[in-house]
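>>> got a predicted structure here, sequence first:
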Amino acid sequence: MQLTSPYTSRLPRFRAILCALAVLVLALTGPRPWQVYAGPLSVTSLFATSDTIFVSGEYSDSVQLIMSLSGEGGERAYPVDVMLVVDSSAGVTAEGFEEQRAFMNSFVDALEELGYLSPSEVRVGIVDFTRSASLRQILTGNPQTLRSAIQKLRFRGASARDWGSNMSAGISRASQEFSVRRRGVARGLAIILSDGDWNQGEDPAALAEGMGGEGGIEFIGVLSGPSSNADRRRDVMDDITTRAETSYDITDGVSPVMNVFFAGAVAAATNLRLVMSVGNDFQFSSDEFFGDGSMAGFPQITRSSDGRSIVWTQESFDSSGSLYSRVYYRGPTTGKFPRTVPLAKSAVLTYVDPDGIKRTVKFAKINVTLVTEFFGTPGPVT
């Protein structure tokens, strides 16, 4: 007789509820350290080019061991909290202010199109300034909220009450928002939209430099406004910029600024290291090692003094390729044949994946059959 519990039928439901709760907890535990846009490394196989080796008193054959790899490189975008610091002073002019508004809208459009604008990836806030600064939008990953805030911005330079350009006040107000709402794992980036002609407050370049450093705020200047005194104003914006070599021009659009959201190319794997040993009757060739495919730098291969093991290291790996190593039979040529012996006794590959996690792949032992004839039924050596 089969014994059953009255609770057995409820287990699937309990499991489903627990799984749903686990997913919810993972979704609410905060932003990821980074978002990787790269495929994983796939270790296709480790194999020998033949499962038999010809052995005779005068000649011993060889075989190649091949490790095949495939992967997909990509790009990495880090979580970023961005403050748009917008100059609304008279020097920008009403026309220049509308250029800034168009830039901000394009910036939000680009982030949304790339799928970055979200509570867990990129968030954006807005500060504007004349003689003083005001927070117009707290950090948010909602594109509709940002577009509404951008639309509500008004050019304040026409008012005598708001005369003056205190860029440092705008930077300080953005810094306050970072200190209150910036996520711990996120980079802080301030994008300054201005004509660069500040005339009140402290030196904004010195202030920006003081906020930098490891874990600090990075700055990008975007020059807008009239073309008069362009060289001097460009120098001011260059001095403020810490994230790039130079500031950008608003007429160049948002594309140059979008590049800061990437850390460049990301390999499918880095710091690859293969340690492989062969059976007692075999030796690795002293010079026939090579790799192909998309790899950074030349592979470094070290052969042990007895020739029975190798260590292969590779800086990075991007797409697909293979490692080839020739192995020779160095054992006795007399005795009972055919017989099966271990060719690759052990092989362990370690590498670091795009998320910075160290991975280990252990391969199964590879055997090979020793034969004394190329064709026909193998027999004993005479």
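Yep, it's here.
>>> pop the domain breakdown of the chain in here.
For the chain, automatic domain parsing gives the domain ranges 31-75+267-371, 78-264.
>>> worst mean pLDDT among those domains?
Ranked by mean pLDDT, those bottom out at domain 31-75+267-371, with a mean of 80.
>>> chain center to that one: distance?
Here domain 31-75+267-371 is found 27 Å from its chain centre; the criterion is Cα atoms, centre = their mean, to the nearest Å.
>>> tell me the secondary structure for residue 259?
Under DSSP: H, G, I helix; E, B strand; the rest coil, the three-state class of residue 259 is helix.
>>> what about it, neighbour count?
12 (other Cβ atoms under 10 Å). C-beta coordinates here come from the backbone N, C-alpha and C atoms, glycine included.
>>> distance of it from residue 346?
Per Cβ to Cβ, to the nearest Å, residue 259 is found 45 Å from residue 346.
>>> so of the domains of the chain, which one's packed in deepest?
domain 78-264 (a mean of 19; mean count of other Cβ atoms under 10 Å).
>>> state the helix or strand in which residue 323 lies.
strand 309-329 (DSSP states H and E).
>>> other SSEs contacting that strand?
strand 62-77, strand 269-278, strand 282-296, strand 300-303 (3 or more Cβ pairs under 8 Å, 6 or more residues apart in numbering; DSSP states H and E).
>>> following that strand, which helix or strand comes up?
Downstream of strand 309-329 (by DSSP H and E), the next one is strand 339-352.
>>> contacts for the next helix or strand after that next one?
Note on strand 339-352: by DSSP H and E, the next helix or strand toward the C-terminus is strand 358-362. Strand 358-362 is contacted from outside by 41, 43, 269, 346-353, using Cβ atoms under 8 Å, 6 or more residues apart in numbering.
>>> tell me the one of these nearest residue 141?
Set against residue 141, the nearest of the contacts of strand 358-362 by Cβ to Cβ is residue 353 (26.6 Å).
>>> the closest one and residue 266: what is the separation?
In terms of Cβ to Cβ, residue 353 sits 10 Å off from residue 266.
>>> then residue 285?
Applying Cβ to Cβ to residue 285 and residue 266 gives a distance of 34 Å.
>>> residue 208 is in contact with residue 170, isn't it?
No: contact between residue 208 and residue 170 fails when scored by Cβ atoms under 8 Å: they sit 10.9 Å apart.
>>> show me the helices in the stretch 51-200 of the chain, by range?
Remark: helices assigned in the stretch 51-200 of the chain by DSSP state H, counting those that start in this stretch are 93-114, 143-152, 167-181.
>>> now render those as CSV, adding distance to residue 137.
Formatted as CSV, the helices of the stretch 51-200 of the chain follow (distance: least, Cβ to Cβ, whole Å):
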stretch, distance to residue 137
helix 93-114, 10
helix 143-152, 4
helix 167-181, 9
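>>> so which of those gets nearest residue 336?
Once those are compared by Cβ to Cβ, helix 93-114 is nearest, at 66.4 Å.
>>> which residues touch the closest one?
77, 84, 86-88, 92, 117, 122, 124, 126, 143, 146-147, 150, 153, 155, 157-158, 191, 193, 195, 222, 224-226, 250-251, 253-255, 257-258, 261.
>>> if you set the cut-off to 7 Å instead, what comes out?
By Cβ atoms under 7 Å, 6 or more residues apart in numbering, the residues outside helix 93-114 that reach it are 84, 86, 88, 117, 122, 124, 143, 146-147, 150, 153, 155, 158, 193, 195, 222, 224-226, 250, 253-254, 257-258.
>>> for stretch 177-192, same thing?
30-31, 33, 78-85, 125, 135, 138-139, 167, 171, 174, 217-222, 240, 243, 257, 260.
>>> cool, and stretch 55-71?
For stretch 55-71, the surrounding residues in contact (Cβ under 7 Å, 6+ apart) are 39-50, 53-54, 268-269, 274, 293, 317-329, 333, 337, 343-344, 368, 370-372, 381.
>>> next: stretch 299-310.
Here stretch 299-310 has contacts from 276-278, 283-284, 286, 289, 291, 311-314, 325, using Cβ under 7 Å, 6+ apart.
>>> go again with 8 Å.
With Cβ under 8 Å, 6+ apart as the test, stretch 299-310 has contacts from 274-278, 280, 282-284, 286, 289-291, 311-314, 323, 325, 330.
>>> so how far is residue 170 from residue 191?
11 Å.
>>> now for those two: what residues contact both?
With Cβ under 8 Å, 6+ apart as the test, residue 191 and residue 170 both reach residue 85.
>>> which of the contacts of helix 93-114 fall within strands?
84, 86, 122, 124, 193, 222 (DSSP state E).
>>> want to throw the residues you listed into JSON lines with distance to residue 199?
Formatted as JSON lines, the ones in strands among the contacts of helix 93-114 follow (distance: Cβ to Cβ, whole Å):
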{"residue": "84", "distance to residue 199": "22"}
{"residue": "86", "distance to residue 199": "17"}
{"residue": "122", "distance to residue 199": "33"}
{"residue": "124", "distance to residue 199": "28"}
{"residue": "193", "distance to residue 199": "17"}
{"residue": "222", "distance to residue 199": "19"}
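>>> leaving aside the residues next to it on the chain, what's closest to residue 244?
Once flanking residues are discounted, residue 244 sits nearest to residue 220: 5.9 Å by Cβ to Cβ, 6 or more residues apart in numbering.
>>> doesn't the one you found belong to a helix?
No: looking at residue 220 with three-state DSSP, it is strand, so not inside a helix.
>>> my read is that it contacts residue 249, right?
No: counting by Cβ under 8 Å, residue 220 sits too far from residue 249 to count as a contact (11.9 Å).
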